[in-house]
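Asks: give me a model of this one.
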Amino acid sequence: MATIDIPLPSELTGLLTPPKCLDLNLPKPGKTELKLPTGGTLKPIPDITKGIPTDCGMNFNLALQMAPIMASMECLLKVLKFIAAVKNALETAKNPPQIPKAISDLLSAIEDVMPCVNMVIAPPLNMIPFVKSLLMMIARMLRCTAQALRSAIEILDGISLDLMTAQEAGNDALAQQLQCAQENAQLAMEGTMVSLEPVMVLLDIAKPFLDIAGVPVGIPQIASDGTLDGMKSALEGIETFAQALEDIASAL
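Replies: Prediction:
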């Protein structure tokens, strides 16, 4: 049977053309952080259960962290106020009429700071329930990171095989789509690794509490060179560390 080529309008041809990878690329989130007055830096913790991190998600997460961060600075501000009162009391030694007021201010500052002091000098048992729940929370976060990373690795493994098959078959259109999916899976893995850094920072910030409770925890260096094998190695390190934290918490 003879075939007849029927030219299609350019608008319809454009709709039938497979999209380019550039059109399907997922946006990379920008660098988001907040400088604290104490000199530290607060970074967002992406919620990887909701997909690849976005700028909006990162900033909202950062905003949610601000209230507890500012609340945790209450003791620090009281201690700084106490130090300022001590300095003022010492300076008034040169001006005897001002000594009574300076002593009164110093005693007031001491009363404000004593709840914070008692938290440190009290028996470590008062800190253990907090440390135990904190370690378990961090371990759960690591488990979530490992789960997301494992899913991305499995997807990338499958895409690599399909891409090789498409290239061998000469199916360029399918190969282009699979290459795009491969790039997005790679981006998902990189986003998951980005979410790991703030978790480690959280554990580093918790060191003073761990020391008071007598629970030293070493923080391993978990990184990847960006390759699939590197990601698999990082996944193994994350799972091993999560198990170690769970074991430590269970022993408390």
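Asks: residues touching residue 47, list them.
Replies: Listed by Cβ atoms under 8 Å, 6 or more residues apart in numbering, the contact set of residue 47 reads 53, 57, 61. All C-beta spots, glycine's among them, are computed from the backbone N, C-alpha and C.
Asks: so what does the helix or strand hosting the second one touch, helix or strand wise?
Replies: Read that as residue 57. Here residue 57, judged by DSSP states H and E, is contained in helix 55-72. Helix 55-72 sits against strand 41-42, with contacts defined as 3 or more Cβ pairs under 8 Å, 6 or more residues apart in numbering; DSSP states H and E.
Asks: ok, the contacts of residue 47 vs residue 168, which is closest?
Replies: Nearest to residue 168 among those is residue 53, at 35.3 Å by Cβ to Cβ.
Asks: how about the host helix or strand of residue 183: buried residues?
Replies: Applying DSSP H and E as the criterion places residue 183 in helix 172-205. Under the neighbour-count criterion of 16 or more other Cβ atoms under 10 Å, helix 172-205 has 174-178, 180-182, 184-189, 191-196, 198-203 buried.
Asks: which strands or helices does it pack on?
Replies: Identification of packing neighbours for helix 172-205 by 3+ Cβ pairs under 8 Å, 6+ apart yields helix 21-24, helix 128-169, helix 228-251.
Asks: let me know the angle separating the longest one from helix 228-251.
Replies: Using axes from the mean of the first three to the mean of the last three Cα atoms, to 10 degrees, the direction of helix 128-169 lies 160 degrees away from that of helix 228-251.
Asks: show me the shaky parts of the stretch 151-252 of the chain.
Replies: In the predicted model of the stretch 151-252 of the chain, residues 226 satisfy pLDDT under 70.
Asks: for residue 225, give me its contacts.
Replies: Going by Cβ under 8 Å, 6+ apart, residue 225 touches no other residue.
Asks: from residue 189, how far off is it?
Replies: 12 Å (Cβ to Cβ, to the nearest Å).
Asks: cool, residue 109 as well?
Replies: 51 Å.
Asks: element containing residue 225, please.
Replies: Per DSSP H and E, there is no helix or strand for residue 225.
Asks: what's the distance between it and residue 60?
Replies: The gap separating residue 225 from residue 60 is 31 Å, by Cβ to Cβ.
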